[in-house]
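Undergrad: Requesting a structural model of the entry that follows:
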Amino acid sequence: MGGDYAPQKTVHGAILALKEFPKTTKITLFGRESEILFHLKKHKIAADKFTIIDCVDIIEMGEHPTKVFKQKPNSSISKGFSYLAKGDIDGFASAGNTGAMFVGGVYSVKAIPGITSSYFNPYS
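TA: Below you'll find the model as predicted:
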């Protein structure tokens, strides 16, 4: 559960999202469970409103994305992509290390048929 002012702002964002989504939506939070529980309690939100996956590793912003994704399998980004790849969650977002998010997407989640990208080379 990374990003600026994490995890307090990320947990608050999840609480706000929970209020906007249909009641059948289940949000899974990946991060240090004790910190997530602290911030849920601070907002007077019951922990059972979310699924919480405890992650002990932290990927720092300055770390090499490819190396750290493999070296820290218990980080929120690594576990989140693992759950996504297995189909245990329907989507995954993080405000953490952008490079690690890219690497996770490339290595963990296969290409979606029909979705393509174009490469624009300004020098060609």
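
Undergrad: Lys23 belongs to a strand?
TA: No - the assignment for Lys23 by DSSP: H, G, I helix; E, B strand; the rest coil gives coil, which leaves it out of any strand.

Undergrad: Just want the most central residue of the protein.
TA: Ser94 (3.9 Å; C-alpha atoms, centre = their mean).

Undergrad: Can you give me the pLDDT of it?
TA: Note on Ser94: pLDDT of 90.

Undergrad: give me the element it is part of.
TA: Secondary structure assignment for Ser94, by DSSP states H and E: no helix or strand.

Undergrad: when you give positions from now on, start the count at 30
TA: Got it, first residue is 30 now, which makes that one Ser123.

Undergrad: Isn't it up against Gly31?
TA: Yes - under the criterion of C-beta atoms under 8 Å, Ser123 makes contact with Gly31 at 6.1 Å. C-beta here means a position set from N, CA and C on the backbone, and glycine is covered the same way.

Undergrad: any shared contact partners between those two?
TA: Residues touching both Ser123 and Gly31 (C-beta atoms under 8 Å, 6 or more residues apart in numbering) are Ser105, Ile106.

Undergrad: Which other helices and strands does the biggest helix by length in the chain contact?
TA: Longest helix of the chain, by residue count under DSSP state H: helix 37-49. Helix 37-49 is packed against strand 56-60, helix 62-71, with contacts defined by 3 or more C-beta pairs under 8 Å, 6 or more residues apart in numbering; DSSP states H and E.

Undergrad: rewinding a little: distance of the residue nearest to the centre of the chain relative to Glu92?
TA: Between Ser123 and Glu92 the computed distance is 14 Å (C-beta to C-beta, to the nearest Å).

Undergrad: Please apply the same query to Phe131.
TA: From Phe131 across to Glu92, the span is 13 Å (C-beta to C-beta).

Undergrad: same question, Leu69
TA: Distance from Leu69 to Glu92, by C-beta to C-beta: 28 Å.

Undergrad: Of these two, which one has the most company?
TA: Leu69 (21 against 17; other C-beta atoms under 10 Å).
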